[in-house]
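>>> sequence and computational prediction follow.
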Amino acid sequence: MNSLSLQAVWDFNVAECVPRTGTISYEDLTAKVEAANDNLRIGVLNLRRLLRHAMTNRIFCEPVKGQVAHTRASLLFLEDEPLKNWVGFMCNDLWLPIANVVSAMKKWPASEEPTETGVNLAYGQSLPWFDFIQQDQEFSERYNLAMKAHGGAAGYGLEHVVKGYPWGDLGKATVVDMGGNQGYVSFAIAEAFPSLSFVVQDQAGMRTPETIAKVPSALADRVRLTTHDFFTPQTEIADVYFFRMIFHGFADRYCVRILRALIPALRKGARIVINDGALPEPGTAGYIEERTMRTMDLFMQVTVNAREREADDWAALFKEADDRFRFHKVWLPEGSRMSFIEAEWAGDGD
Amino acid sequence: MSALGEEIAAKTKIVTEYLSARGLEAASLDADGLAEFPISPEDEVPFKARLELIAATKELYDISLGPKEGLRYLAWDVCTLGSIVPYHEKMLTHLPRA
């Protein structure tokens, strides 16, 4: 029911109809909310019960009987656009998919396919998550803004990528930033470590003349944006292959394919460096961290049938991909919510 | 927050003293513990103290999170699949009792 009252507050834009200071009666508020929703008939009693439930979650309050006022939490709907979209994304867009996961598990037992998820069942469509949301501009914008609320939370900042790995120990080296989007992570690392060069690979859709022009001029001789699909054989020979927030989006069978696709370019000693979620050993993390990671793990199941992994799972992934990967370790940098996972290629190279 | 902390300590004391005076145990999260408090509505003082304890701990929890983080978690608690799956999959009946 938390989701119901929250969804109603979000969908009907109730926060916009409550004065920032002072109070408003349920009657006047209902009239304003109905007017703001194309004169949809909601009714005072329906709005009142939804709001009184929301109030048990500190969203709005009733300082005098019959009068509604803002709380700090309800004001955030007006002040924090990413958070507002996060609420809409969770309560509106993901609610039905979540309710359909168990049915999806029965329809497609133990599926690792991104097209056999709660999202596919809930929305009666057969596309993988990202293709599906891109069909609907409002949906995909909400998703992007919602992820900003998540990424903006403590522990996901770029400083943890820069400080969390001993990049300086690599000396003069080339790093391939796999699925590196428009290069913003490589830019940050390159700025801090002048001896490193970067090749930022992503799919053709990410490579327009404008995005390539966005490489800061000071970094232009050390950071290149190129086109590559990480499921196809790697051709860049480099010291490090870096993956940030890639593997948690894929089920094991696809992750194994991504690792195997590197092999043609791997030379002895080449490193695979992953910056991604790593599940804590059960009971070892604090409540909030454990719950955040467990929720992320379920979130990956709901949307793409992928998952977060614990240390043993990461080791097993490399082992399954090829015996010549030597798994090093998983560590969580101080203050970071994302871990580093490192392995090395012990084979001779093709 | 300090006032809430003190209120929580005081209400906890009322509940635990009531239980220990009667040789009763508190409810527990352990598998072999009590599933509910042995306090009936007729035991007015400890009964009321426990309800107030629930409200005060929740309030302290909400304040400790702060409105922004609180709202973020509230929204994604729609992701509490974990409580739906075991029910559906009848997993609970297959877990060993100890």
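Received it, and whenever you're ready, just let me know what you need.

>>> from here on, contacts and neighbour counts on C-alpha atoms
OK.

>>> residue of chain B nearest chain A, please.
B:P67 (4.8 Å; C-alpha to the nearest C-alpha).

>>> give me the neighbour count for that residue.
For B:P67, the neighbour count with other C-alpha atoms under 10 Å in any protein chain shown is 20.

>>> same question for A:M296.
Number of residues near A:M296 (other C-alpha under 10 Å) recorded here: 19.

>>> next one: B:E59
Around B:E59 there are 16 other residues, counting by other C-alpha under 10 Å.

>>> now do the residue of chain B closest to chain A against A:S74, distance only.
B:P67 sits 9 Å away from A:S74, taking C-alpha to C-alpha, to the nearest Å as the criterion.

>>> next up, phi/psi of the closest residue to the residue of chain B closest to chain A other than its chain neighbours, please.
Across the structure, with C-alpha to C-alpha, 6 or more residues apart in numbering or on different chains as the measure, the residue nearest B:P67 apart from its sequence neighbours is A:A73 (4.8 Å). Listed backbone geometry of A:A73 is phi -70, psi -40, with angles given as degrees, to the nearest 10.

>>> correct me if wrong: A:R244 contacts A:D276.
Yes: contact status for A:R244 versus A:D276: in contact at 5.9 Å, counting by C-alpha atoms under 8 Å.

>>> in stretch B:32-45, what counts as buried?
Under the neighbour-count criterion of 16 or more other C-alpha atoms under 10 Å in any protein chain shown, stretch B:32-45 has B:I39 buried.

>>> need the distance between the two termini of that stretch.
Across stretch B:32-45, the straight-line distance between its terminal residues is 27 Å, by C-alpha to C-alpha.

>>> what does stretch A:189-200 give?
By C-alpha to C-alpha, the extent of stretch A:189-200 from end to end equals 12 Å.

>>> which residues touch that stretch?
Applying C-alpha atoms under 8 Å, 6 or more residues apart in numbering or on different chains, the set of residues contacting stretch A:189-200 from outside is A:161-162, A:167-168, A:170-183, A:186, A:219, A:222-226.

>>> output the below-cut-off pLDDT ranges for chain B.
Scanning chain B for pLDDT under 70 picks out B:78-98.

>>> so where do the helices sit in it?
With DSSP state H as the criterion, chain B has helices at B:2-21, B:44-65, B:67-76, B:81-88.

>>> identify, out of those helices, the most deeply packed stretch.
Among the helices of chain B, judged by mean count of other C-alpha atoms under 10 Å in any protein chain shown, the one packed with the most neighbours on average is helix B:67-76 (a mean of 19).

>>> just want the angle from that one to helix B:44-65.
If you take axes from the mean of the first three to the mean of the last three C-alpha atoms, to 10 degrees, helix B:67-76 sits at 100 degrees to helix B:44-65.

>>> buried ones among the contacts of stretch A:189-200?
Neighbour-count burial (16+ other C-alpha under 10 Å) is assigned, among the contacts of stretch A:189-200, to A:161-162, A:167-168, A:174-183, A:186, A:219, A:222-226.
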